[in-house]
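>>> Okay, sequence plus prediction incoming.
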2 protein chains.
Amino acid sequence: MNAAIDFYFDFSSPYSYIASEWIEALAARHGRTVNWKAILLGATFQAAELKSPVSYPLKREYSLHDFERSARFAGVPLKNPEKFPIPTQNAARVFWWLHDKRDATASHWARHCLRAYFARGVDLSDPDRLKELAAEFGLDPLQAEAVWSDAEWKARLKAANDAAIAAGVFGAPFFMIDNEPFWGNDRRAQIERWLEKGPF
Amino acid sequence: MNAAIDFYFDFSSPYSYIASEWIEALAARHGRTVNWKAILLGATFQAAELKSPVSYPLKREYSLHDFERSARFAGVPLKNPEKFPIPTQNAARVFWWLHDKRDATASHWARHCLRAYFARGVDLSDPDRLKELAAEFGLDPLQAEAVWSDAEWKARLKAANDAAIAAGVFGAPFFMIDNEPFWGNDRRAQIERWLEKGPF
């Protein structure tokens, strides 16, 4: 018991961002750690034949409203970015590079980028903006660019997507706790109950 | 203020069933009443280009697990019915007939049928089972059958679906409170906050 929580997220997912702001503290309160796992929702959507909630009529308008309302409810600053959703493979490849090279800072990079995109509107899909974020974070921006252009880290992200799909992940945020799957920022109360009292 | 809560549900929606078990008490605690509105998810799905969560790979298995887990979390008895999802227009037409003729019992009929299907596995799409449920409820089963075969009540249900879609409803359960939309059993905490403290 007290196994780590697997936390799958996508850099362009507002509900992932909201969850990223509470999962560490919640886990720590229950003696757990968090395995952050950057994925591309594009890959899991394809495997599950799904699409972004903002790509459907009626659901689009509601979802954009709910992103901001759910963030306010959680006490997390979020303003729907002008460009949304965006491709996030570059930020995700840097995440996996940090993860594999010097593990402790990968989740900080994730939070740095998620906050930049959702609280400040910084476009993570723009290489120049992402290099600026890398520099802010204390990375060499040219090294960051070299990482996201490198076949090795492209393959690493693809492997992470494949592993997520094999684990049953079809959306984000997605949590695996003691082999129990929880999908969505709105499963927070159930996750809390699980961590407090075990299976229900 | 203290306007009624519009509660859109489908007789084949497990999350609608769970919500149907808490919405009345929650509303009453805040001096609100509930306008129950039976709809067909088939109609709203078509308008929003969506499908049932159990019709997607990966998401299907998770959803079936989550239906039962979310019910346990809410303290509501639910066992996934063998036949799921099912067409529910007959139960819905009887709902609107009761609604328009003698309003107070329509929501009781809804809860009677939802519980029969999700707690006892009674197939609401089987006319004989539905006639038995009508008799249990104190209705003349032949009159119930006449209602669901009647063009007037077919048109009434279609009008209810059209009105729901016009109001932005794309799934169920769906709540409209002071013109604020909430989709899903998992928006319960946000609804509670809204009722307690108003807009956030």
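Noted; the coordinates are in hand. It should be emphasised that the depicted structure is a prediction, and the values quoted were computed from it without experimental measurement.
>>> Excluding its own residues, what touches the helix or strand bottoming out on mean pLDDT in chain A? List them.
Among the helices and strands of chain A, helix A:41-48 carries the lowest confidence by mean pLDDT, DSSP states H and E, at a mean of 89. With contact meaning C-beta atoms under 8 Å, 6 or more residues apart in numbering or on different chains, helix A:41-48 is reached by A:10, A:12-13, A:50-52, A:85, A:87, A:158, A:161-162, A:164-165, A:169-172, B:56-59. Every residue, glycine included, has its C-beta placed from N, CA and C.
>>> switch to 6 Å and redo it
Contact with helix A:41-48 is made by A:D10, A:K51, A:N161, A:I165, A:V169, A:F170, A:A172, B:Y56, B:P57, B:L58, B:K59, as judged by C-beta atoms under 6 Å, 6 or more residues apart in numbering or on different chains.
>>> burial measure for the closest residue to the fifth one other than its chain neighbours, as a count.
Ranked by C-beta to C-beta, 6 or more residues apart in numbering or on different chains and with sequence neighbours excluded, the top spatial neighbour of A:V169 is A:Y8, at 5.2 Å. Look at A:Y8: counted by other C-beta atoms under 10 Å in any protein chain shown, it has 28 neighbours.
>>> ok, now which ones touch A:Y8?
Neighbours of A:Y8 in contact, by C-beta under 6 Å, 6+ apart: A:K37, A:I39, A:A164, A:V169, A:A172, A:F174.
>>> which bits of chain A sit near chain B?
Within chain A, the positions near chain B by C-beta under 6 Å from any C-beta of the partner chain are A:48-50, A:56-59, A:62, A:72-73, A:168, A:170, A:181, A:186, A:190, A:200.
>>> Quick one: the helices in chain A, in order.
Chain-ordered helices for chain A, with DSSP state H as the definition, fall at A:14-20, A:23-29, A:41-48, A:59-74, A:89-101, A:106-120, A:127-137, A:141-149, A:151-166, A:188-197.
>>> now chain A, which segments are flagged as low pLDDT?
Applying pLDDT under 70 to chain A picks out residues A:1-2, A:103.
>>> Could you rerun that using 80?
Applying pLDDT under 80 to chain A flags residues A:1-2, A:102-104.
>>> Can you pick out the most distant pair from the residues of chain A next to chain B?
In terms of C-beta to C-beta, the residues of chain A next to chain B reach their longest pairwise distance at A:P57 and A:F200, which sit 36.5 Å apart.
>>> just to revisit the earlier point, between the contacts of helix A:41-48, which is closest to A:A28?
Out of those, the member with the shortest distance to A:A28 (by C-beta to C-beta) is A:A172, at 21.5 Å.
>>> I'd like to know how far the closest one sits from A:W194.
As judged by C-beta to C-beta, to the nearest Å, A:A172 and A:W194 stand 19 Å apart.
>>> Go through the contacts of A:Y8 and flag which are in strands.
A:K37, A:F174 (DSSP state E).
>>> Give me the buried entries from the contacts of A:Y8.
Buried members of the contacts of A:Y8, scored by 16 or more other C-beta atoms under 10 Å in any protein chain shown, are A:K37, A:I39, A:A164, A:V169, A:A172, A:F174.
>>> Phi and psi next, for the fifth one.
This means A:A172. Main-chain torsions, A:A172, degrees, to the nearest 10: phi -150, psi 150.
>>> isn't it right up against A:S13?
Yes: applying C-beta atoms under 6 Å, one finds A:A172 in contact with A:S13, separated by 4.7 Å.
>>> Enumerate the positions of stretch A:169-178 that are buried.
Under 16+ other C-beta under 10 Å, the buried positions of stretch A:169-178 are A:V169, A:F170, A:G171, A:A172, A:P173, A:F174, A:F175, A:M176, A:I177.
>>> which residue sits closest to A:S63 in space, ignoring its chain neighbours?
Per C-beta to C-beta, 6+ apart, closest to A:S63 is A:P53, 4.2 Å.
>>> What is the burial count for the spatially closest residue to A:D140 that is not a sequence neighbour?
Leaving aside its chain neighbours, A:D140 sits nearest to A:A134 (7.4 Å; criterion: C-beta to C-beta, 6+ apart). Using other C-beta under 10 Å, A:A134 is surrounded by 24 other residues.
>>> Would you mind measuring from A:A134 to chain B?
33 Å (C-beta to the nearest C-beta, to the nearest Å).
>>> Mind listing what's buried along the least confident helix or strand of chain A?
In helix A:41-48, counting by 16+ other C-beta under 10 Å, buried: A:L41, A:G42, A:A43, A:T44, A:F45, A:A47, A:A48.
>>> cool, stretch A:186-200 as well?
Quick answer for stretch A:186-200 (16+ other C-beta under 10 Å): A:D186, A:R187, A:R188, A:Q190, A:I191, A:W194, A:L195.
>>> buried set for stretch A:59-73?
Across stretch A:59-73, burial judged by 16+ other C-beta under 10 Å covers A:K59, A:Y62, A:S63, A:D66, A:F67, A:R69, A:S70, A:A71, A:R72, A:F73.
>>> try stretch A:120-135
A:V122, A:D123, A:L124, A:S125, A:L130, A:K131, A:L133, A:A134.
>>> go on, stretch A:28-37?
A:R32, A:V34, A:N35, A:W36, A:K37.
>>> Let me have those in a markdown table, extended by distance to B:K101.
A markdown table is the format used below for the buried residues of stretch A:28-37 (distance: C-beta to C-beta, whole Å):
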| residue | distance to B:K101 |
| --- | --- |
| A:R32 | 55 |
| A:V34 | 56 |
| A:N35 | 58 |
| A:W36 | 57 |
| A:K37 | 55 |
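>>> Noted, bye for now.
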